[in-house]
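> Sequence first, then the predicted structure:
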Amino acid sequence: MDLPSNQGSCVVCGSKLVKNGRHPSGTQRWRCRSCGSSSVRRRPDVTRREQLHRFLTWLMGKASQAELAGARSARSFRRDTAWCWDLEPRLPVTGEVHEVILVDGIWIETWCLLIALTTTNTVVGWQWAARESAAAWGALFESIPAPTVVVTDGGSGIRSALALHWPEAAIQRCIFHLQLNVTRELTRNPRLRAGKDLRQIALTLSSIHTVDDAITWRLTLEAWWKTHGHLLRERTLYDNGHFGYTHKPLRKAWAILHRVAENEHYVHFRPP
């Protein structure tokens, strides 16, 4: 689209326009010397740019709509920037293959935003979803070439999507998320000795730096199973008349660590 220049021609007689003061709104006024007609040149592109700038300032900042509206009202601000809500940012499809990609899901109100990042925190793709399902993760992975390594917190649905769309990519589990998931089940102060020992095993993941360290950690986990594994099979008769596992949180915490070890996932420490 050709943008109007600062100095144009009169729409009445075609003569050259000259500056003639400013409109009360602050916009430049133009006047024709030949016929005397006066007008204000409109720049929709500049208006939209300013509206978008004010909208983003309000959305990402602390200023209220009334403060950004200036002499106008907050209602005028909402009316002027209503079109901004319909904008849908898009990333260009470059086809670039990244060695490592980090994926995670972030909940925003009732929607989940799935994000793919490089190691330099550059966003290479995103996908809105109702939840972290295999279909939602698959939609994200389809738009990005498979990396060499993918770092994940092991959320629901992601394992199936990785096996289908990025089967050759090595999987790294984020240690911070692993430890967080184990702590969620056991709490920070487990009541049983088995829980205390298992949480300590999860915390020692941060100290693994070599293959020997990983082997030692795996042997420690197996030793825990030989000592406390019988607790995971214990059952209790509940008030509803049905039997259930006595130590459910302990079983879940064990399953988190055991699954990572059995699947031979790499681990990657990333602070929160």
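Okay, I see it. Numbers count the residues shown, from 1 in each chain.
> so what's the residue lying farthest from the centre of the chain up against?
Within the chain, the residue lying farthest from the chain centre (C-alpha atoms, centre = their mean) is residue 34, at 59.8 Å. By C-beta atoms under 8 Å, 6 or more residues apart in numbering, the residues touching residue 34 are 10, 13, 15. Every C-beta, even on glycine, is put in place using the N, C-alpha and C of the backbone.
> for those residues, which one is nearest residue 176?
Comparing those against residue 176 with C-beta to C-beta places residue 10 closest, at 67.4 Å.
> Pretty sure the closest one sits against residue 17.
Yes. Look at residue 10 against residue 17 with C-beta atoms under 8 Å: they come within range, at 5.8 Å.
> what sits in contact with each of these two?
With C-beta under 8 Å, 6+ apart as the test, residue 10 and residue 17 both reach residue 32.
> returning to that earlier point: can you list the contacts of residue 34 in CSV and add pLDDT, neighbour count and secondary structure?
Below are the contacts of residue 34 laid out as CSV (pLDDT from 0 to 100; neighbours: other C-beta atoms under 10 Å; DSSP: H, G, I helix; E, B strand; the rest coil):
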residue, pLDDT, neighbour count, secondary structure
10, 71, 19, coil
13, 78, 12, coil
15, 77, 13, coil
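> Looking at those, which is nearest residue 140?
Taking C-beta to C-beta as the measure, residue 10 is the one of the contacts of residue 34 closest to residue 140, at 55.1 Å.
> Give me the below-cutoff pLDDT ranges for the stretch 1-150 of the chain.
For the stretch 1-150 of the chain, applying pLDDT under 70 flags the ranges 1-8, 11-12, 23-26, 39-43.
> can you give me the strands in it?
Assigned by DSSP state E, counting those that start in this stretch, the stretch 1-150 of the chain shows strands spanning 17-22, 28-32, 38-40, 100-108, 111-117, 123-129, 149-152.
> Comparing those strands, which comes out most buried?
Each of the strands of the stretch 1-150 of the chain was scored by mean neighbour count; the highest is strand 149-152, a mean of 20, by mean count of other C-beta atoms under 10 Å.
> strand partners of that strand, parallel vs antiparallel please.
Paired with strand 149-152 in the same sheet, following DSSP bridges, are strand 100-108 (parallel), strand 170-174 (parallel).
> Tabulate the CA atom coordinates of the shortest one in PDB.
Output in PDB follows, covering the C-alpha atoms of strand 170-174 (Å, rounded to 0.1, in the frame of the first residue of the first chain):
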ATOM      1  CA  ALA A 170      16.600 -38.500  22.500                       C
ATOM      2  CA  ILE A 171      14.500 -37.500  25.500                       C
ATOM      3  CA  GLN A 172      15.900 -35.500  28.500                       C
ATOM      4  CA  ARG A 173      13.800 -35.200  31.600                       C
ATOM      5  CA  CYS A 174      14.100 -31.900  33.500                       C
END
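> that older thread, against residue 15, how distant is the residue farthest from the centre of the chain?
As judged by C-beta to C-beta, to the nearest Å, residue 34 and residue 15 stand 4 Å apart.
> which ones are touching residue 147?
With C-beta under 8 Å, 6+ apart, residue 147 has these contacts: 97, 98, 99, 100, 101, 166, 169.
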